[in-house]
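1. using only what follows, build the 3D model:
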Amino acid sequence: MELNLEKDYADRAYPILASLVTPRPIALVTTLGEDGVINAAPFSFFNLLGANPPICAFSPADRENGVPKDTALNIRATHEFVVNLVDEAIAEKMNLCAAALPYGQSELAHAGLTAAPSTTVKPPRLAEAPASLECVEWGTLQVGGNRVVIGLIKRLHLRDELFDAEKRRVRSEKLKTIGRMASPHWYCKTTDRFEMIRPD
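-> Below you'll find the predicted structure:
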């Protein structure tokens, strides 16, 4: 089977790719509007891109009417955001943040999430998140209809039990993040794991 995503299947590119390239991590991104309202929105077109310097990227699409989503508008204005990771405990609250609320209405009250102060950026992190990445916008790329926001990670917050300070490593066995699966409604748990030792 060969699919032409530029022509015959152009209108199906999103659901096909989003159901195929799985699991994807979820960024629950918090930003501040110019009016000071906290916005929280989930994105699964998201990942780390490097560690020197630490960078991540996510792609906030436009609304159906062509207007950029609140997250993109806020980053354009402030150049700051926080990526909050999503685990099993806050999965339902993350899903509530996907609701299309009117501009200026915060998803935090709607989802029952709590803002916690960040250290280096103005947008708050989420107290319930297992880990949060404070980011400053390095730049935003426009590739056709895709907007790719690249962030420099300035600070990392994570639950105490998730970090082994002596070994300076994350206790990944305690991190129960979820992943995005097939479009539109499927997710997975990441607790079913196996190990493969890399060859020398």
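
2. show me where the protein has strands.
-> With DSSP state E, the ranges of strands along the chain come out as 27-32, 38-43, 46-51, 54-58, 80-85, 115-116, 125-126, 131-143, 146-158, 163-164, 169-170, 178-180, 187-189.

3. residue nearest the centroid of the chain?
-> For the chain, the residue nearest the mean C-alpha position is Ala27 (1.2 Å; Cα atoms, centre = their mean).

4. how close does that one get to Cys56?
-> When Cβ to Cβ, to the nearest Å is applied, the distance between Ala27 and Cys56 equals 8 Å. C-beta here means a position set from N, CA and C on the backbone, and glycine is covered the same way.

5. any residues in contact with both of the two?
-> When Cβ atoms under 8 Å, 6 or more residues apart in numbering defines a contact, the residues bordering Ala27 and Cys56 alike are Phe46, Val83.

6. circling back: what's the pLDDT at the residue nearest to the centre of the chain?
-> You'll see Ala27 listed with a pLDDT of 98.

7. who's it bridged to?
-> The residues paired with Ala27 through beta bridges, assigned by DSSP bridges, are Phe43, Leu85.

8. reformat the strands of the chain as TSV; add distance to Leu3.
-> Rendered in TSV, the data for the strands of the chain read as follows (distance: least, Cβ to Cβ, whole Å):
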stretch	distance to Leu3
strand 27-32	27
strand 38-43	24
strand 46-51	23
strand 54-58	25
strand 80-85	31
strand 115-116	43
strand 125-126	38
strand 131-143	20
strand 146-158	19
strand 163-164	43
strand 169-170	38
strand 178-180	21
strand 187-189	24
